[in-house]
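Engineer: Next come a sequence and a model predicted from it.
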Amino acid sequence: MSTTAAAASARAPKQDRSRATRQRLLEAAVDCLAEVGWSGSTVAVVAERAGVSRGAAQHHFPTREDLFTAAVEHVAVQRRAELDAKAAALPASGPRRHEAVVRMLVGLYTTPLFRAALQLWAAVSTDDQLRPRVLELESRIGRETHRTAVALLGADESRPGVRETVQATLDMARGLGLADVLSDDSDRRERIVRQWARILDAQL
């Protein structure tokens, strides 16, 4: 084996460990936000939960804002991949299509990621450093989610009122997610999902 090949081979395990450490930190950051909120989610707490040193955490994410905005974005990407996989199993057409799509979209807002994002939203009101990062991130995720909803619903946004109907679907889903934070709202949520699907059947 040449010297160059040996050096590359030696670097590979180190890079793998680095990626694994970063992954653990991102997942621990989301869990901390969802469980103890922004005020209790320090870099030291996340590092301990991830099983790494604080120095290692700061090597990957120099600031607290770097860590938590990266964590929410990381899980949002994972969530998008899961959404795409579930979309493939939806009914291709028929009266159950809209109901299945609405239920899937509502599911986006009843997860630990949504609870973590809520903590970031609350922190934005008093943290000037965090605000621009979160606003940019949420704007990008919002646009992607809207495009996904349009595609899944087969909505023609050139028709008057359709774009607003799609956005109202997402706003409704977010509102149901907020209600679920306070208590188990699954029974009422299910009735609303069915009713909203009937509205989409008529509107779209």
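Structural biologist: Structure's in. What do you need?
Engineer: tell me, what residue is most central in this protein?
Structural biologist: Centroid-nearest residue in the chain, with Cα atoms, centre = their mean: residue 76, separated by 3.2 Å.
Engineer: got a list of what it touches?
Structural biologist: By Cβ atoms under 8 Å, 6 or more residues apart in numbering, the contact list for residue 76 reads 113, 141. To be clear about C-beta, it is placed using only N, CA and C from the backbone, and glycine gets the same treatment.
Engineer: and what of residue 63?
Structural biologist: If you count contacts by Cβ under 8 Å, 6+ apart, residue 63 has them with residue 129.
Engineer: tell me the phi and psi of it?
Structural biologist: phi -130, psi 160 (degrees, to the nearest 10).
Engineer: Only the buried residues of the helix or strand residue 45 falls within, if you could.
Structural biologist: Using DSSP states H and E, residue 45 maps to helix 43-50. For helix 43-50, the neighbour count (16 or more other Cβ atoms under 10 Å) marks 43, 46, 47, 49, 50 as buried.
Engineer: quick one: the helices in the protein?
Structural biologist: 3-40, 43-50, 54-60, 64-87, 96-107, 112-124, 130-153, 162-182, 186-203 (DSSP state H).
Engineer: any chance of these in JSON lines, plus mean pLDDT?
Structural biologist: Compiled in JSON lines, the helices of the chain are given as follows (pLDDT from 0 to 100):
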{"stretch": "helix 3-40", "mean pLDDT": "77"}
{"stretch": "helix 43-50", "mean pLDDT": "94"}
{"stretch": "helix 54-60", "mean pLDDT": "92"}
{"stretch": "helix 64-87", "mean pLDDT": "81"}
{"stretch": "helix 96-107", "mean pLDDT": "90"}
{"stretch": "helix 112-124", "mean pLDDT": "81"}
{"stretch": "helix 130-153", "mean pLDDT": "87"}
{"stretch": "helix 162-182", "mean pLDDT": "92"}
{"stretch": "helix 186-203", "mean pLDDT": "92"}
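Engineer: so which of the buried residues of helix 43-50 comes closest to residue 31?
Structural biologist: Nearest to residue 31 among the buried residues of helix 43-50: residue 49, at 6.8 Å, using Cβ to Cβ.
Engineer: Who's the closest spatial neighbour of the closest one, skipping the chain neighbours?
Structural biologist: What sits nearest to residue 49 in space, not counting adjacent residues and going by Cβ to Cβ, 6 or more residues apart in numbering, is residue 28, at 4.1 Å.
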